[in-house]
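Visitor: Provided below are the primary sequence and the corresponding predicted coordinates.
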Amino acid sequence: MTTLPNDLTEFLAAKRQLEYAASECECGQIILLPLGKHELGEVWVDGESLHNVAPDPHKGVEGYYAVPAVNLVESCDGYDPEHILSWIPDSNLYISWDCDHWAITMFPSVTWRRIAESPLRYINAQWEFPSVGQPLIPWPKYPFKEGRPF
């Protein structure tokens, strides 16, 4: 079983869900995974998605950066729920992963308590500009893998 941050564990142990106006959310109402159902997975970053932010050291090579992450979302109304909100354990960092563009919006120094106080800002972060988050640049911390993961 994956160990989660204390404030998130307490939130989920109380069987709470994020409260916000689903009609104002790009992906509608999300349902969080229940405590005990979290597993370490992987999200992928395409260096090309960061061409306006930082030069990719593997530019021109087909591949991706593999980032270990724990998905927090079980389901949602209008989008693929996987990793809309996630946690990167080795960086103690909450993120939102854009599965269509293989980009991560990260929320440095943000606790779960802060996300729960204003969840719409974080859930919608990957679709908004300016965003409450910022792009995660995966190199050199996370490995580059040639090819595609599927």
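Guide: Right, received. Where do you want to start? Numbering: from 1, shown residues only.
Visitor: ok, longest helix in the chain?
Guide: In the chain, taking DSSP state H as the definition, the longest helix is helix 6-13.
Visitor: which parts of that helix are buried?
Guide: Residues of helix 6-13 classed as buried by neighbour count (16 or more other CB atoms under 10 Å): 8, 11-12. The C-beta positions use only the backbone N, C-alpha and C, and glycine is treated the same way.
Visitor: what's the closest of those residues to Leu50?
Guide: Distance to Leu50, by CB to CB, is smallest for Leu8 among the buried residues of helix 6-13, at 27.4 Å.
Visitor: contacting residues around the residue nearest the centre of the chain?
Guide: The chain has Ser96 as the residue nearest its centroid, 2.6 Å off, counting by CA atoms, centre = their mean. The contact partners of Ser96, by CB atoms under 8 Å, 6 or more residues apart in numbering, come to 83-86, 104-105, 107, 122-123, 125-126, 133.
Visitor: top strand in this structure by residue count?
Guide: Ordering each strand of the chain by length in residues (DSSP state E) puts strand 63-71 first.
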